[in-house]
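> Predicted model and sequence follow; I will ask about them next.
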Amino acid sequence: MSRASWGRAVSALVLSSVLLSGGPASAQEDFRSLDAGRPLRVTDAFPKKYLEWEFQAGLQGGWVEGGRRSLEGLFELGTGLFRNFEIGAGMRVATVDGGMNTTTGLEALEVDALYNFRHEGWTWPAIAVQTGVEAPAGGDPSREDWAWGADLILTRSFSRGLRVHVNGGRFVASEVDGDDYWRGGLAFDIPLGFSSILIMGDLYTEIPVNTGPTRLWAELGARLQISNMTVLDVGLTTRMDEWDDGAANIGLVVGFGRVFGIGGLVGVPEYPNPAIR
């Protein structure tokens, strides 16, 4: 897939998301969501609203020492299939600069699900479990084998809108795709004034089960709700462990999400705000 073909594919996906939004969805507070990769790796314990559909798209460009660059895109369609349960499917596209040449193509096909089995209370956090499966997509940048992961997610609200999130889990992959590793992160988010703007940040790590260096990211980002149905996000990320070796590794993340209805599912019922405080 050439750069031009990829650009046309992205434009088609954005256009289709607008066309699919034929009916009004309920007013959302999606700027308060932490969707994985938009723009942080850490996510929150709250699923999508019951019967609500959302199209998400995100791009991350990275720069490392030596002038090498990379670009990764994630496109996903998800829904609140049942109350407290969401499921989504998507694809990941990558452009990798190998120095001598650049390779672009599908990296993986993904299916994931999140179930919230405890809403937040006065003395306990919201608790959820998230699982996902990645399948090879074919082509040069594609992963070689199937992989899967599972995470426990905790979210706790405090005064003045501050929320804290803790993720922890394990990812299982073949040796050629990076092998197994433990993963986890700690994040915060806080709304900015009375606007629908969320400021957030996290620390995220991946610890190989067998051999290899521990990877550590620091990330900062913001999400802006520009309508009841559309959210934009932007973030900066860096691999802190590579800075220790004298290699700068910085990434820029941009993305958007759009909620819509399908057929008779446009009258999405209001979902109780899970945060008590």
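All right, it came through fine.
> low-scoring stretches of this structure, by residue?
1-29, 64-68, 98-100, 194, 244-248, 261-277 (pLDDT under 70).
> List the buried residues for stretch 224-234?
Leu224, Gln225, Met229, Thr230, Val231, Asp233, Val234 (16 or more other CB atoms under 10 Å). No exception for glycine: its C-beta is placed from N, CA and C like everyone else's.
> Now these in CSV, please, with extra columns for secondary structure and distance to Ile199.
Converted to CSV, the buried residues of stretch 224-234 look like this (DSSP: H, G, I helix; E, B strand; the rest coil; distance: CB to CB, whole Å):
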residue, secondary structure, distance to Ile199
Leu224, strand, 10
Gln225, strand, 13
Met229, coil, 22
Thr230, strand, 19
Val231, strand, 14
Asp233, strand, 11
Val234, strand, 11
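> Now do the nearest residue to Ala147 once chain neighbours are set aside against Ala135, distance only.
Nearest residue to Ala147 in three dimensions, chain neighbours excluded: Ala173, at 3.9 Å (CB to CB, 6 or more residues apart in numbering). In this view, Ala173 and Ala135 are 12 Å apart by CB to CB, to the nearest Å.
> isn't Val129 right up against Tyr115?
Yes - if you go by CB atoms under 8 Å, Val129 and Tyr115 touch, sitting 5.6 Å apart.
> helix or strand for Arg143, which one?
Using DSSP states H and E, Arg143 sits within no helix or strand.
> Just list the residues touching it, thanks.
For Arg143, the contacting residues are Glu107, Ala108, Glu134, Pro136, Ala137, Ala173, Asp177, by CB atoms under 8 Å, 6 or more residues apart in numbering.
> any idea whether the second one is helix, strand or coil?
In other words, Ala108. strand (DSSP: H, G, I helix; E, B strand; the rest coil).
> Kindly tell me how buried the residue lying closest to Thr104 once chain neighbours are set aside is, as a neighbour count.
Nearest non-adjacent residue to Thr104, counting by CB to CB, 6+ apart: Thr95, 4.3 Å away. Thr95 has 19 neighbours, counted by other CB atoms under 10 Å.
> Hmm, Thr95 is touching Asn101, no?
No - using CB under 8 Å, Thr95 is not in contact with Asn101, being 11.2 Å away.
> so what's the residue nearest the centre of the chain up against?
In the chain, the centroid-proximal residue (CA atoms, centre = their mean) is Ala36; its distance is 2.0 Å. For Ala36, the contacting residues are Val42, Thr43, by CB under 8 Å, 6+ apart.
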